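Peer 1: Model the structure of this input:
(one chain, ligands or ions: 1)
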Amino acid sequence: MNKHSNARRLVMAGCAIALGVTTATPSGSLAAQSEPSQAQVTNGELLPFAAGASGSTSGHAQMVRTASGATIVSLHVTGLVPGRAYASHVHAAPCAVGAADGHYKHDPAGAATPPNEIWPGDGPFVAGPSGNANVNTVADFRAGATAVSVVVHDRSLPSAANKIACADLS
Ligand SMILES: [Cu+2]
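Peer 2: Modelled structure (predicted):
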């Protein structure tokens, strides 16, 4: 192998590390299993809850736990009321269990706000003129196993009954 192609391999390896991309290990040895985790992608369709059953809310959510230790959540919602304010959070129960229950917290004893919680849009967001919203957020930790759903809240409804849609992540 000549000098040029060696340099090229080094550059490519550097890029893979910088992007947090985990490449297949050639040996498959036990030692390889203690390498940094691979990226994990989960996603799900957004389905209406009772509070949103009168509308036509749909869309999807995706969570990427990166190999470098971050969590990226993106949410696409359609069928919202244009100009109305909504909010979204990662929740700690499946949609079918207690209407997805409460928010996922990185530190269970920590604050009920970001960065300890994961809120796509980082706070309230407003539906566009077509009733769509595309929001995301990046947390600087890898979400734990109980970060299982993404809920959309309609902030024009009372907080006790404003969960309009939910996506189970799998
Ligand atoms: Cu919520």
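
Peer 1: For burial, what's the neighbour tally of the residue nearest to W119 when sequence neighbours are not counted?
Peer 2: Ranked by Cβ to Cβ, 6 or more residues apart in numbering and with sequence neighbours excluded, the top spatial neighbour of W119 is H89, at 5.2 Å. In this view, the C-beta of every residue, glycine as well, is placed from N, C-alpha and C. When neighbours are defined as other Cβ atoms under 10 Å, H89 has 24 of them.

Peer 1: Check which helix or strand H89 maps to.
Peer 2: Following DSSP states H and E, the helix or strand that holds H89 is strand 85-91.

Peer 1: Which SSE is immediately downstream of that strand?
Peer 2: Past strand 85-91, further along toward the C-terminus, the next helix or strand under DSSP H and E is strand 125-126.

Peer 1: any idea of the mean pLDDT for the helix or strand just after that following strand?
Peer 2: Next along the chain after strand 125-126, taking DSSP H and E as the criterion, comes strand 133-139. The average pLDDT for strand 133-139 rounds to 98.

Peer 1: Just the residues contacting strand 133-139, thanks.
Peer 2: Surrounding strand 133-139, the residues in contact under the criterion Cβ atoms under 8 Å, 6 or more residues apart in numbering are 70-77, 80, 86, 88, 106, 114-115, 118-122, 125-127.

Peer 1: Distance-wise, check A147 relative to T66.
Peer 2: As defined by Cβ to Cβ, to the nearest Å, A147 lies at a distance of 14 Å from T66.

Peer 1: and the strand holding H89 with strand 133-139, angle?
Peer 2: Between strand 85-91 and strand 133-139, the angle formed by their directions is 40 degrees, by axes from the mean of the first three to the mean of the last three Cα atoms, to 10 degrees.

Peer 1: What residues sit buried inside strand 85-91?
Peer 2: Buried positions in strand 85-91, judged by neighbour count with 16 or more other Cβ atoms under 10 Å: 86-91.
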